[in-house]
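> Coordinates for the following, if possible.
(one chain, ligands or ions: 1)
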Amino acid sequence: IITIAGFGSASALAAKPVVMGFSQVGAESEWRTANTLSIKDAAKKDGINLKFADAQQKQENQVKAIRSFIAQKVDVIAFSPVVETGWDTVLREAKAAKIPVILTDRAVNVTDTSLYVTFIGSDFVEEGRRAGRWLLERAKKTPDRTLNIVELQGTVGSAPAIDRKNGFEQAIAGNAKIKIIRSQTGDFTRAKGKEVMEAFLKSQGKNINVVYAHNDDMAIGAIQAIEEAGMKPGTDIIIISIDGVKGAFEAMIAGKLNVTVECSPLLGPQLMQVARDVLAGKPVPKRITTEEGVFPAEVAAKEFPNRKY
Ligand code: GZL
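Predicted structure coming up:
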C-alpha cells in the first residue's frame, strides 16, 4: 500500500500564519491614518494575520483590546500607547500568557521594561529640539525682536506631547527674547487646534509672533483661525509644526506654514520584520529609532512629489 507519505508533514510545513493583535491610538490625524495604512499594508504583504483595534484615543479601549488579544491567544501583541502611564497591569497579563509585546510610535513608562520586547519609533525630544533650532536660526534675521510663542500641545500625558515640549524648551532656553507665553493641548486634532488658537488670539491677539504646534493637524487648524482673524499665517505669525504630512507640504507651498519637522508614520514593514524576529527567538534591540529630517517651506515644492504619506 503506498501511503501518501508526507501528507501530514506537508500541512505541517505550510506553517500557521503569525497572528498579531494591534491596538491603535485612534484616527485623530493625517499622521495616524498613514500609520494605520502602513501597518495594514505591511501585514498583508508579509502574510501576517492582523487583528486591528481602533481605541478612539481612549486608554481603556486599548487595555480592553490587549486583554481580548490575550484571550484569543495571538502570537504577538503590538500597540501605540495613547499615554505613557497605566500599562503595568495589562502588560503583566500579556507576559503571564507568554505573548511578546512590541511598542510602536509612542513609549510607555513602566517600572519593569521586560514587559515589552522593543520600542520602534521616533525620538520626539530630538523632534522638539529641531523645531526650536529652526526658530533660533530664523530669529537671527530679527535679533532685536522678542518672539512670543503660543504652543499647541499634543494629547496630555502622551510621549510625543511631553517630549516635543521638553526638546523645544531645551533648544530655546538660552535665548531671553524667545519665550512661550501660552501653552495648551489641542489633542493632536485640527478642530481642537483651531479652537485653542481662537482662544489664544482673543487673549493675546497681535502679541503672538510664533505658533509651535506638536503636529501638522493642529497647525492647520491654527492657520484657519489666524486667517479668520484677518491675519496672514506664515508672515504675520510664524508657524512651526511636526509630522511632515502632505497637508503640511500643501500649507508650506501656499506660504501659510514655515517649517515641518518630519516624524515618519511608515513603521509597518519594520514592525512585521521585528515581530517575525521575536517569534523566531532572534535578539532584537530594545530601542529602534526612525531616521527623519526637517522640511522648511523653501524646499516644500521640490520635496512634495517624493512624499509617501
Ligand atoms: C507621533 C504620533 C503623533 C503624531 C500625531 O509619533 O504619536 O500622534 O505626531 C498623531 O499627528 O496624532
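> looking at this, Phe168 is in a helix?
Yes. With the criterion set as DSSP: H, G, I helix; E, B strand; the rest coil, the secondary structure at Phe168 is a helix.
> burial of it, as a residue count?
Burial of Phe168 is recorded as 27 neighbouring residues (other CB atoms under 10 Å). Every C-beta, even on glycine, is put in place using the N, C-alpha and C of the backbone.
> How about the contacts made by it?
With CB atoms under 8 Å, 6 or more residues apart in numbering as the criterion, the residues that contact Phe168 are Gly128, Arg129, Ala131, Gly132, Glu151, Tyr212.
> Isn't the first one up against Arg164?
Okay, so that is Gly128. Yes. Under the criterion of CB atoms under 8 Å, Gly128 is in contact with Arg164, at a separation of 4.0 Å.
> higher neighbour count, these two?
Ranked by neighbour count (other CB under 10 Å), Gly128 and Arg164 place Arg164 first, with 31 against 27.
> tell me how far the ends of stretch 171-180 are from each other?
From its first residue to its last, stretch 171-180 covers 12 Å (CA to CA, to the nearest Å).
> re the thing from before, give the intersection of the neighbour lists for Gly128 and Arg164.
The contact sets of Gly128 and Arg164 overlap at Ile242 (CB under 8 Å, 6+ apart).
> helices and strands of this structure: which one has the lowest mean pLDDT?
Evaluated with mean pLDDT, DSSP states H and E, the helix-and-strand set of the chain has its lowest mean pLDDT in helix 7-13, which scores a mean of 46.
> What's the mean pLDDT across the next helix-or-strand element following it?
Past helix 7-13, further along toward the C-terminus, the next helix or strand under DSSP states H and E is strand 19-24. Strand 19-24 comes out with an average pLDDT of 98.
> Can you list the buried residues in strand 19-24?
If you call a residue buried by 16 or more other CB atoms under 10 Å, then strand 19-24 has these buried ones: Met20, Gly21, Phe22, Ser23, Gln24.
> same deal with stretch 274-286?
Of the residues in stretch 274-286, those buried by neighbour count under the rule 16+ other CB under 10 Å are Val274, Ala275, Val278, Val284.
> any idea of the mean pLDDT for it?
Stretch 274-286 shows a mean pLDDT of 97 in the predicted model.
> swap in stretch 236-249?
For stretch 236-249, the mean pLDDT works out to 98.
> Stretch 67-77 too?
According to the model, stretch 67-77 has a mean pLDDT of 98.
> I'd like the numbering to begin with 133 instead of 1 from here.
OK, 133 is where the count begins now, so the last one is stretch 199-209.
> ok, and what's touching that stretch?
Counting by CB under 8 Å, 6+ apart, stretch 199-209 makes contact with 150-155, 183, 185, 198, 222, 225-226, 229, 231-234, 407, 410-411, all of which sit outside it.
> what's the first-to-last distance across it?
Distance between the boundary residues of stretch 199-209 (CA to CA) amounts to 10 Å.
> Check stretch 434-441 too.
16 Å.
> who touches it?
The contact list for stretch 434-441 (CB under 8 Å, 6+ apart) reads 162-163, 166, 169-170, 376-378, 381-382, 385, 396-398, 427.
> close to the ligand, is it?
No. Under the criterion of CB under 6 Å from any ligand atom, the ligand is not reached by stretch 434-441; the shortest gap measures 10.8 Å.
> Buried residues in that stretch, which are they?
So, applying 16+ other CB under 10 Å, buried residues of stretch 434-441: Glu435, Tyr441.
> Now do that stretch, average pLDDT.
Stretch 434-441 comes out with an average pLDDT of 96.
> circling back: closest to Phe211 out of the buried residues of strand 151-156?
Comparing the buried residues of strand 151-156 against Phe211 with CB to CB places Ser155 closest, at 3.8 Å.
> wait, doesn't Phe216 sit right on Val240?
Residue 216: Glu, not Phe. Yes. The pair Glu216 and Val240 passes the contact test of CB under 8 Å, sitting 5.8 Å apart.
> Could you tell me which residues touch both of these two?
In the contact map built from CB under 8 Å, 6+ apart, the residues linked to both Glu216 and Val240 are Ala291.
> all helices for the chain, in order.
According to DSSP state H, the chain carries its helices in the segments 139-145, 162-178, 191-203, 220-228, 256-271, 291-304, 322-336, 348-360, 378-385, 400-411, 429-435.
> just the ones you listed: most buried one?
helix 348-360 (a mean of 24; mean count of other CB atoms under 10 Å).
> Now do the same for it: mean pLDDT, whole number.
When pLDDT is averaged along helix 348-360, the result is 98.
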